[in-house]
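[1] Sequence first, predicted coordinates after that:
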Amino acid sequence: MDEQRGALRGLRVLIWVVIAIEVPVYLIWLVQVGYQTGQQLPSGDAGRWAPPVLLPPAAVLFCVMAGWTWWGAVVARTRSPLQERWIVASLVFVAAFSVFCGVASVDDPSVSVGLLSAAVTALGMIGLFFIPAAASRQLPDVIRRRSRRTSGEPS
């Protein structure tokens, strides 16, 4: 039992370390590429401030909200809310706008810039999405329940 408790504590620490690395990098990146994208708009355009100011909070709000909804369904053992259109649409919106700003922020967009933008976006969104699960007191119970279910099935 102590071995299992130690493994679960280690998993929780690992999740938080990943979140602590991915999320700040993603948010700083969003501010930077949002600023650079906004600077490409004409001088005096009021929309120049929108990408760096609105994109990071929108990413946090939508990703954590989707993660919270998903985690609540996992704990309650109900149907996955990721099948709901509004949740998927909000995640797609954040991903698309994030990758767009990453590509639009450079003078010479290329496939490698798009891939880098997609990678940073994916890692950051995953980190934000799993914050509710990592913070939940039910995480060890859900992991134990899932491991019992998969170990009980024949291979």
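    Good, I have the coordinates.

[2] Break down the protein into its helices, ranges please.
    Residue ranges of the helices in the chain, as given by DSSP state H, are 2-39, 50-76, 85-104, 111-129, 131-135, 139-151.

[3] And the contacts of stretch 122-130?
    With CB atoms under 8 Å, 6 or more residues apart in numbering as the test, stretch 122-130 has contacts from 15, 18-19, 21-23, 25-27, 29-30, 59-60, 63-64, 66-67, 70, 91, 94-95, 98. Every residue, glycine included, has its C-beta placed from N, CA and C.

[4] and it, average pLDDT?
    Looking at stretch 122-130 alone, the average pLDDT works out to 94.

[5] Use 23 as the first number from now on
    Let's use 23 as the start, then, which means that last one is stretch 144-152.

[6] Report the buried residues of it.
    Using 16 or more other CB atoms under 10 Å as the test for burial, stretch 144-152 gives 145-152.

[7] Quick check: of those residues, which lies closest to residue 96?
    Taking CB to CB as the measure, residue 96 lies nearest residue 152 of these, at 11.3 Å.

[8] any idea how far residue 91 is from that closest one?
    The span separating residue 152 from residue 91 equals 13 Å under the rule CB to CB, to the nearest Å.

[9] Show the low-confidence segments of this protein, by residue range.
    Screening the chain residue by residue with the criterion pLDDT under 70, one finds the ranges 23, 172-177.
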